[in-house]
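# here you go, sequence then predicted model.
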Amino acid sequence: MSMTKSSLLTARVGGMALLSAVLALAPLGFANAYYYDVAVGALFNAIICVGLNLLIGYGGQISLGHGAFFALGAYGSAIATSRWGVPPLAAMVASATLVGLMAFVIARPILRLKGHYLAMATLGIGMIIYIVLKTEAQWTGGPDGMGVDPLAVAGLALSTDRQWYWLSAALLLLAVWLSLNLVQSPVGRALRAGHGAEIGAQVVGVDTSHYKVLMFVVSAVFASVVGSLFAHKNGFITPDIASFHRSIELVTMVVLGGMASIFGSVLGAFILTLLPQMLTAFDDYEAMIFGAIMMGTMIFLPKGLLPSLILLIRKRMGGRS
Amino acid sequence: MAELLQYLFAGLTSGAIYALAGLGFAIIYNASHVINFAQGEFIMIGGMATATLTAAGVPLPAAILAAMALTMLVGVALEKFAIEPARNADVVTIIIITIGASIFLRGAAQVVWDKEFHALAPFSGETPIRILGATLMPQSLWVFGVSMAAIAALWWFFNHTLFGKAMLATSFNRLAAQLMGIGVKKVLLVSFALSALLGAVGGIVVTPIAFTNYEAGIMLGLKGFSAAVLGGLGNGMGAVVGGLIVGIAEALGAGYVSSAYKDAIAFVIILFVLFFMPNGLFGKKGVDRV
């Protein structure tokens, strides 16, 4: 890869501009509030996946438990606002801080593990949190779930799906911008060195584990913040948001969009959130088709959608000039 | 004492199923370094096929044979159409492919059968056996006996048949095995067929105890993965021991600590073991080539 700094810069700026344009123009095609509702779900997933991709794509670490961080943010906000009357914004920040701290504490022992052992450990942590949320009914309402108040800041409540759309679109742009900068910073370069050849990077003096911990914490905090938002938006949460299925869904979005491609994660999240909406017409065959699409994409485009697409365009353009 | 014995019986019964599932993970991992997240679905298919066939009037032995054949066919198809074409993909990519396969198989089961729970009559009655004050259901003996017999047969296959030895050789060094004239592709196919067979056997013997539906494989698959990791990936006997440990710990935990946290116990043990032994109980220490 011999990309000059200026072409990288334009790719970033161009990508941000394109994403902003898409987010600004998309509502023109929204026929009713339901479209906004689905779009907000897609944006939420996109924010989490951008964070998760820092860990998976750039840190080279898999996590099969990020649904749990999402759920901890959601339940943290729900419990703090409804039980203790904490203002939503403060509850969101407090939950994200706690989740970040927790991620920091477990990161070192967990990220020592490699490959499938790491997958198992993150899966285990996710399952334990899921079971705790399901069992401690006096706090969480158990499997029946619990209600959450709407998001209100200084007396102003966010109530319509349209308002939620603009808020989450702005947050996605912020998340993408933060991540692009993180990836291009010395931290990001160190991480990519770690992914390619960890021991090689260590030999030349890069403290790879330090950066991996950082990415683990950042991705957990992203998930937690979105969890808080989701709880307020939905008004009701159940432990299923921490399930294994949810964690898998998030990883699939990242891998489908393209590992180590920030914009790919956005694309992957959009597609996998919208796909089930389109497949509902297939009724009983929905799960079969969904699974087949998952397998097919990964078999034929193992690098993910966006990187494969870019490669294709480059080849076309290269062939012409 | 009677209480403890009761928990041990329960633990050994579910542990035997986890052991079979764990061994299934290990066989495929050895042949291909793939973790097959659709392993639990093999268990589900074996159980569902037997339950629905017997309900349709097919005699039990014929239903069992048909269920085993069907599951092996699914395993072979999975290898041929999903794993083989993605040979050179990343670990994470292949994980997603097998998860996609598990979703596909669950969806297919829902279409072919339905979303209801299905039962299967115990193989030899329901008269409990009393041992030292504890009761043991005959079906538990079937589960444990059949599982151990399957594991022993597999051990014999890997150590005393030419093809079994070829499979072991492939797991140690793929390239060297290929150079010695071992058909690595065939080894891969057989490993999926064997894992599927093990899953089917587990699903068939456990269904009279636990019922089955299209989602029954999810938890069993995850527990099997836990067993395989606990024992050290790629170590067949490790996976068996890991499965029994997980089963017994769960039963004891559910009995003495909290039944609500039964499913969490397996994962707590795994985390604890991995923190101190990053390669599982009996795993080889990996060497990285720089």
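All right, it came through fine.
# the residue of the stretch 51-200 of chain A found nearest chain B: what's its closest spatial neighbour, skipping adjacent residues?
Taking CB to the nearest CB, chain B has its nearest neighbour within the stretch 51-200 of chain A at residue A:124, 3.7 Å off. C-beta: built from backbone N, CA, C; applies to glycine. Spatial nearest neighbour of residue A:124, chain neighbours left out: residue B:267 (3.7 Å); criterion: CB to CB, 6 or more residues apart in numbering or on different chains.
# isn't that neighbour right up against residue A:122?
No: if you go by CB atoms under 8 Å, residue B:267 and residue A:122 don't touch, sitting 10.7 Å apart.
# hmm, back to that, and the residue nearest to residue A:124, what pLDDT?
Residue B:267 carries a pLDDT value of 90.
# same thing with residue A:222?
pLDDT, residue A:222: 96.
# give me the number of residues near it?
Per other CB atoms under 10 Å in any protein chain shown, the neighbour tally for residue A:222 reads 29.
# now it. Nearest residue, chain neighbours left out?
residue A:51 (2.9 Å).
# quick one: residues contacting that neighbour.
A:175, A:179, A:218, A:219, A:220, A:221, A:222, A:223 (CB atoms under 8 Å, 6 or more residues apart in numbering or on different chains).
# so it versus residue B:86, what's the distance?
In this view, residue A:51 and residue B:86 are 27 Å apart by CB to CB, to the nearest Å.
# again, but for residue B:180
Distance from residue B:180 to residue B:86, by CB to CB: 26 Å.
# can you list the residues of the stretch 201-321 of chain A near chain B?
A:203, A:244, A:248, A:251-252, A:255-256, A:259, A:284-295, A:298-299, A:302 (CB under 8 Å from any CB of the partner chain).
# can you flag the buried ones in these?
Neighbour counting with 16 or more other CB atoms under 10 Å in any protein chain shown marks A:244, A:248, A:251-252, A:255-256, A:259, A:286-295, A:298-299, A:302 as buried within those.
# returning to that earlier point: neighbours of the residue of the stretch 51-200 of chain A closest to chain B, just the number please.
Residue A:124: 26 neighbours (other CB under 10 Å).
# how much space between it and residue A:131?
From residue A:124 to residue A:131 the distance is 11 Å (CB to CB).
# ok, back up a step: the residue nearest to residue A:124: neighbour count?
Based on other CB under 10 Å, the number of other residues close to residue B:267 is 24.
# OK, contacts around it?
By CB under 8 Å, 6+ apart, residue B:267 lies in contact with A:123, A:124, A:125, A:127, A:128, B:226.
# how near is the fifth one to residue B:223?
Here residue A:128 is placed at a distance of 14 Å from residue B:223 (CB to CB).
# for the stretch 51-200 of chain B, what lies in contact range of chain A?
So far as CB under 8 Å from any CB goes, the stretch 51-200 of chain B lies against chain A at B:82, B:85-86, B:88-97, B:99-108, B:110-111.
# now with 6 Å?
By CB under 6 Å from any CB of the partner chain, the part of the stretch 51-200 of chain B that sits against chain A consists of B:82, B:85-86, B:89, B:91-93, B:96-97, B:99-101, B:103-104, B:107-108, B:111.
# distance between stretch B:219-231 and the chain's centre?
The chain centroid and the centroid of stretch B:219-231 are separated by 8 Å under CA atoms, centre = their mean, to the nearest Å.
# do it and chain A meet at all?
Yes: with CB under 6 Å from any CB as the criterion, chain A is reached by stretch B:219-231 at residue B:229.
# which outside residues touch that stretch?
A:120, B:18, B:21-22, B:25-26, B:39-40, B:43, B:238-239, B:241-243, B:246, B:266, B:270, B:273, B:280-282 (CB atoms under 6 Å, 6 or more residues apart in numbering or on different chains).
# residues contacting the nearest residue to residue B:243 once chain neighbours are set aside?
Nearest non-adjacent residue to residue B:243, counting by CB to CB, 6+ apart: residue B:19, 3.0 Å away. Residue B:19 makes contacts with B:240, B:243, B:244, as judged by CB under 6 Å, 6+ apart.
# quick check: closest non-adjacent residue to the last one.
By that I understand residue B:244. For residue B:244, the spatially nearest residue (CB to CB, 6+ apart) is residue B:15, at 4.0 Å.
# tell me how many other residues surround residue B:41.
Residues near residue B:41, counting by other CB under 10 Å: 34.
# would you confirm that it contacts residue B:102?
Yes: counting by CB atoms under 6 Å, residue B:41 does reach residue B:102; the two are 5.1 Å apart.
# give me the residue ranges of the chain where confidence is low.
I'll assume chain A. In the predicted model, chain A carries pLDDT under 70 at residues A:1-9, A:191, A:193-200, A:203-206, A:319-321.
# let me rephrase: I mean chain B.
Those would be B:284-290, if you go by pLDDT under 70 across chain B.
# can we see that at 50?
B:288-290 (pLDDT under 50).
# longest helix of it?
Taking DSSP state H as the criterion, chain B has its longest helix at helix B:2-32.
# name the residues of the helix or strand following it that come out as buried.
Using DSSP states H and E, the helix or strand that follows helix B:2-32 in sequence is helix B:39-55. By neighbour count with 16+ other CB under 10 Å, helix B:39-55 contains the buried residues B:39-54.
# do the same with stretch B:111-126
B:113, B:118, B:120, B:122, B:123.
# JSON lines for these, including secondary structure?
Putting those into JSON lines (DSSP: H, G, I helix; E, B strand; the rest coil) gives the following:
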{"residue": "B:113", "secondary structure": "coil"}
{"residue": "B:118", "secondary structure": "strand"}
{"residue": "B:120", "secondary structure": "coil"}
{"residue": "B:122", "secondary structure": "coil"}
{"residue": "B:123", "secondary structure": "coil"}
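# surely residue B:129 meets residue B:136?
Yes: shown here, residue B:129 and residue B:136 form a contact pair, counting by CB under 6 Å, at 4.6 Å.
# any idea how many residues pack against residue A:214?
Residues near residue A:214, counting by other CB under 10 Å: 19.
# okay, and the most centrally placed residue in chain A sits in which element?
What sits nearest the mean C-alpha location of chain A, by CA atoms, centre = their mean, is residue A:48, with 1.8 Å. Secondary structure from DSSP H and E places residue A:48 in helix A:33-53.
# just the helices in the stretch 51-200 of chain A please.
Listed in chain order, the helices of the stretch 51-200 of chain A (DSSP state H, counting those that start in this stretch) span A:66-84, A:88-111, A:115-135, A:137-140, A:161-184, A:186-196, A:198-203.
# the fourth one near chain B at all?
No: counting by CB under 6 Å from any CB, chain B is not contacted by helix A:137-140; separation bottoms out at 9.5 Å.
# give me the distance between residue A:92 and residue B:84.
Residue A:92 is 47 Å from residue B:84, by CB to CB.
# cool, residue B:93 as well?
Taken as CB to CB, the span from residue B:93 to residue B:84 is 14 Å.
# so which of these two has more stuff around it?
Neighbours per residue (other CB under 10 Å) separate residue B:93 from residue B:84, with residue B:93 holding more: 20 against 15.
# show me the helices in the stretch 151-290 of chain B, by range?
B:162-172, B:174-179, B:184-210, B:217-231, B:236-252, B:262-276.
# nearest to residue A:271, out of those?
Nearest to residue A:271 among the helices of the stretch 151-290 of chain B is helix B:217-231; the distance by CB to CB comes to 24.1 Å.
# list the buried residues in the closest one.
B:217-218, B:220-231.
# from those, which single one is nearest chain A?
For the buried residues of helix B:217-231, with chain A as the reference and CB to the nearest CB as the criterion, the closest is residue B:229, at 4.4 Å.
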